[in-house]
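Enquirer: Could you work out the structure for the sequence below:
(chains A, B, C and D)
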2 protein chains.
Amino acid sequence: MNKSPNTGHSASFSFDVSRCLICSVRSINMCGSLEPEELGRLSKIARCETFSSGEALFHEGDANGSVYNITDGAVRLSTMLKNGRRQVIGFMFAGDFIGFSGRETYPWTGESVRGAKVCRFARNELARAVKELPKIEHRLLEMATSDLSSAQEHITMLGQGSAAEKVSAFLLMLSRKAAVRGGVDNPVHLPMTREDIADYLGLAFETVSRCFTRLENQGLIAIESTRVVRIKNFEALEEYSEDE
Amino acid sequence: MNKSPNTGHSASFSFDVSRCLICSVRSINMCGSLEPEELGRLSKIARCETFSSGEALFHEGDANGSVYNITDGAVRLSTMLKNGRRQVIGFMFAGDFIGFSGRETYPWTGESVRGAKVCRFARNELARAVKELPKIEHRLLEMATSDLSSAQEHITMLGQGSAAEKVSAFLLMLSRKAAVRGGVDNPVHLPMTREDIADYLGLAFETVSRCFTRLENQGLIAIESTRVVRIKNFEALEEYSEDE
DNA sequence: GTACCGCGTTGACAGGGGTCAATTCCGGAT
DNA sequence: ATCCGGAATTGACCCCTGTCAACGCGGTAC
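Expert: Numbering: from 1, shown residues only, chains lettered A, B, ... in the order given. From the prediction side, this is the model:
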C-alpha cells in the first residue's frame, strides 16, 4: 500500500541565469515576475534536480527545508493516514510551486510520477531573496491563491456526485491544466496510475477502472492506451460531471 | 434546497483606529503585523458591518469587490452545483480572512451563520494600502498558506473513512479551531445546522444526525443540546477519526 | 398559552460502490 | 521474440449510506 521506493539518485547542480532565461515555464511560475537582472539573484540559489520514476523529493515529517519549482514532469503530493489509507492531495505539473506550508515538517510526501525535473531552493535562502525582491512575495501570494482555488475545486469534486461524475471532472481538470501550461488539451495524458487517481478522488481503484470503461462504452471518451484518453464529447462529459 | 434569505439589513460604518486597537482578534488576523501608527492607515478604509442570521455578505458570481476580516460570529462559504446540490467550502470564524480569490467574481457565496460581524475592505483600496505597507502582503501570504492547510485537511476528511469518521474529525476540528481563537475547546459549539455539516462533509443530513446519535450511544460524546456537544473521550474520538 | 414552522431524529428500503478474487493486459528487460 | 511482474480489468457479493417518509422537538410570533 505504501509505495515510496526512493530508488535511484537525483542529479543536482546549480546553474547560471541563462538557463532561467530559456525556462519554458518561467512566465507562469514564481520567477515570472522578475526582470532578467533580478533573475540573476534567484538563479544563484537555485539548484536543478532530476528525479526518476517514483522517487521521493521529500517525505511527510521530514524537516521542511526546501521549496520546489517544477520544470518538467509531474509530482504527486500525498499523506498516509493512521488506518493505512492514502490521500493524494494533488498532482503538481511543470510551472507549479511546491512549498506552501508554514510547518516545521512537510505535511505531505512529494514523489515524482514517471520522472520530474525541479528547481530547488533552500527555504531560508529564498526568504532572504524575497526580502530583497518583494515582487516575489506578491507573485507567491497569487500562486497560493491559485492553489487555494484548486484545493476548493478538489473539495467540490470529492464531496459531490457519483464516482463517474468525479472521474469525468478529473479528466476535464487534467485537460484544462495541460492547456494552461501550453500542452495539448485533448488526448489527455495520464502520468499517474488508476490507484493514484482513486486516492485523489476518494474511490477504490477498481471503481475508477469501471468508470473509465463505462465512459468509453457511453461514447464520451476513447481509451487510446492505458495512459492516454481522448475526450470525444466535451459537452456531454461536462454535463456528466455536473459540478459547479 | 437553496436557502439564502438575505433578509434584514446590515449596519455599515467606518471607524477610527481606537476600535482596531481593542480588536480581540487583531493578533491573529491581517492587521496583526502592523504597528499602531500603521494601523491608522488601514482603519481609514475599513468598514464595520453586522449581518443577521442567514444574511449573505455576497453571492457567488457577484463582482469580487470586497474582502472581509471576520471579527465575531461565523460565515459559511458555499457553492451551488448544476445538479442542485450544495458544497460547503468552509466555515470562517472570528480572526479569519475572506477574499483569497483572484477571479473577477466571487467563486462562492458567503452567508452569516447565526449572525456575524466583519471588517470590510474594498479590494482596490486594500491593494493600495498593501503597496504602502508591504508587511500586510507578507501576513496575507501566511494566512493564505494557513487556509491552504485547512483546505487540505478538508480534502482528507472528505476522501477517507466512514461517515462516523468524518463527523468525528469535524468535531475535533471545531474544537481545535475554537481553542486557537481563544475559546473553550470542550463543549463544542455548533453554530451551523446538521445540513450545513452534511454539505461540508459530503454526506446526507440524515446520516450526520445518525452519526451524532451513534457517537453518543458509544459514549464518545454527549449531546448537551442540538448545538452543543461535549467530547467525553478525546483519544477514542481521535482514534475513531483515524485520519492522518 | 398556543399555534406554527423549521430543524432534527428515526425507520424502511434500495442501490452504489467497497471488498475480495480471478484473469488479462502491457511495458520493460533479457 | 519471449518472459515476467505490476497494473488494469472484470465479476460476485454485501454493506454503508442516500433517499423517501413519518414523527417529534423547540423556539418564535401572536
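Enquirer: Just the buried positions in the lengthiest helix in chain A, please.
Expert: Identified as the longest helix of chain A according to DSSP state H is helix A:134-159. For helix A:134-159, the neighbour count (16 or more other Cβ atoms under 10 Å in any protein chain shown) marks A:136-159 as buried. Placement of C-beta: from N, CA and C, glycine included.
Enquirer: Looking at A:Ser4 now. What's its pLDDT?
Expert: On the pLDDT scale, A:Ser4 is placed at 37.
Enquirer: wait, I meant A:Ala11
Expert: For A:Ala11, the model assigns a pLDDT of 61.
Enquirer: Count the residues that sit near the closest residue to A:Ser43 other than its chain neighbours.
Expert: Spatially, and ignoring its direct neighbours in sequence, A:Ser43 is nearest to A:Val17 (4.3 Å; Cβ to Cβ, 6 or more residues apart in numbering or on different chains). A:Val17 has 16 neighbours, counted by other Cβ atoms under 10 Å in any protein chain shown.
Enquirer: Pretty sure A:Val17 sits against A:Pro36.
Expert: Yes: between A:Val17 and A:Pro36 there is a contact under Cβ atoms under 8 Å: 7.2 Å.
Enquirer: The helix or strand A:Cys48 falls within: what's the following helix or strand?
Expert: Per DSSP states H and E: A:Cys48 is located in strand A:47-51. Sequence-wise, the next helix or strand downstream of strand A:47-51 (DSSP H and E) is strand A:56-58.
Enquirer: That next one near DNA strand D anywhere?
Expert: No: using Cβ under 7 Å from any atom of the strand, we find that strand A:56-58 stays clear of DNA strand D, coming within 14.8 Å at best.
Enquirer: who does that strand pair up with?
Expert: Strands that pair with strand A:56-58, judged by DSSP bridges, come out as strand A:109-122 (antiparallel).
Enquirer: can you give me the mean pLDDT across whatever helix or strand comes next after the partner strand?
Expert: Where DSSP H and E defines the elements, the next helix or strand beyond strand A:109-122 is helix A:123-132. Mean pLDDT, helix A:123-132: 94.
Enquirer: With stretch A:65-83 instead?
Expert: 95.
Enquirer: wait, does that stretch contact chain B?
Expert: Yes: against chain B, stretch A:65-83 shows contacts by Cβ under 8 Å from any Cβ of the partner chain at A:Thr79, A:Leu81, A:Lys82, A:Asn83.
Enquirer: can I get the residues you listed in a markdown table with secondary structure and distance to A:Phe51?
Expert: A markdown table is the format used below for the residues of stretch A:65-83 next to chain B (DSSP: H, G, I helix; E, B strand; the rest coil; distance: Cβ to Cβ, whole Å):
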| residue | secondary structure | distance to A:Phe51 |
| --- | --- | --- |
| A:Thr79 | strand | 19 |
| A:Leu81 | coil | 24 |
| A:Lys82 | coil | 28 |
| A:Asn83 | coil | 28 |
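Enquirer: Now do the contacts for A:Ile70.
Expert: A:Val25, A:Met92, A:Phe93, A:Ala94, A:Gly95, A:Asp96, A:Phe97, A:Ile98, A:Ala116, A:Lys117, A:Val118 (Cβ atoms under 8 Å, 6 or more residues apart in numbering or on different chains).
Enquirer: Residue ranges in chain A under the pLDDT threshold?
Expert: A:1-15, A:242-244 (pLDDT under 70).
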